[in-house]
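# A predicted structure for the sequence below; I have some questions about it.
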Amino acid sequence: MNNITIRQETPSDYPAVFELIKSAFENLEHSDKQEQFLVERLRKSKIFIPELSLVAEVNGEVVGYILLTEISILDNGQLSGNSLALAPVAVLDGYQGMGIGGKLILEAQKRAKDLGYESVILLGHEGYYPKFGYQKAELFDIYPPFEVPSENFMAIELSENTLKNIKGIVQYPVEFGI
Ligand SMILES: CC(C)(COP(=O)(O)OP(=O)(O)OC[C@H]1O[C@@H](n2cnc3c(N)ncnc32)[C@H](O)[C@@H]1OP(=O)(O)O)[C@@H](O)C(=O)NCCC(=O)NCCS
């Protein structure tokens with residue numbers, strides 16, 4: 001599909017984004033079905049970066065959404081470095097499998113890099129994200145603050161070696177409820 005526009009979300013998109021996240025996660029086993037409320041909390045938080053809250057539009061309809069927010073990595077309780085959490089990414093049911101999710105991920109990474117961010121970390125399906133360059137976070141000595149199979153906790157360097165001197169446990173802001 002080539003008539004996809006990716007652009008920064010505006011407040012007038014909020015209702016459409018809420019509904020699309022709700023419906024995209026509705027039938028997912030590994031979901032608490034609360035992702036639409038997470039986004040509402042994150043938008044109001046100090047770690048929200050408006051430039052990295054993006055929608056995908058097809059023929060004027062919002063069909064996809066991605067959000068990257070700031071997180072810290074702590075090594076023995078001391079700040080080792082900052083990164084971004086990718087959560088969530090969602091595409092409306094009837095538009096999945098057309099490359100829209102991939103476009104959102106790559107565009108968000110590009111815009112993040114342009115803003116000076118160095119890496120992205122996520123919890124997600126091991127069959128999907130590696131094709132965009134994500135690797136197990138443990139390969140960078142980075143770990144989640146919760147129990148999860150290591151193949152589901154992934155990271156990407158937005159430039160070479162940006163995670164080389166960063167290690168430890170990801171600290172999620174309170175808005176994530178972790
Ligand atoms: C995950 C999601 C954002 C992907 O968006 P999309 O536009 O459908 O993805 P793309 O078209 O870029 O990529 C489709 C490919 O990803 C695969 N894929 C999609 N979701 C997947 C999943 N959960 N696990 C493994 N593979 C997945 C498809 O099989 C397809 O593979 P192919 O390219 O080899 O045919 C979308 O399916 C979605 O909103 N799912 C429900 C919400 C969700 O799971 N969000 C991610 C939470 S970690």
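Perfect, I can see it now.
# for the spatially closest residue to residue 119 that is not a sequence neighbour, helix, strand, or coil?
Nearest non-adjacent residue to residue 119, counting by CB to CB, 6 or more residues apart in numbering: residue 83, 4.6 Å away. The way it works is simple: take the backbone N, C-alpha and C, and place the C-beta from them, glycine included. Assigned with DSSP: H, G, I helix; E, B strand; the rest coil, residue 83 falls in the strand class.
# ok, residue 123 to the ligand distance?
Distance from residue 123 to the ligand, counting by CB to the nearest ligand atom, to the nearest Å: 7 Å.
# wait, isn't that residue in contact with residue 71?
No - Residue 123 is beyond contact range of residue 71, at 11.5 Å (criterion: CB atoms under 8 Å).
# tell me which residue in the protein sits closest to the ligand.
Among all residues of the chain, residue 101 sits closest to the ligand, at 2.2 Å; criterion: CB to the nearest ligand atom.
# what is the neighbour count of that residue?
Close neighbours of residue 101, defined as other CB atoms under 10 Å, add up to 21.
# over to residue 9?
Counted with other CB under 10 Å, residue 9 comes out at 21.
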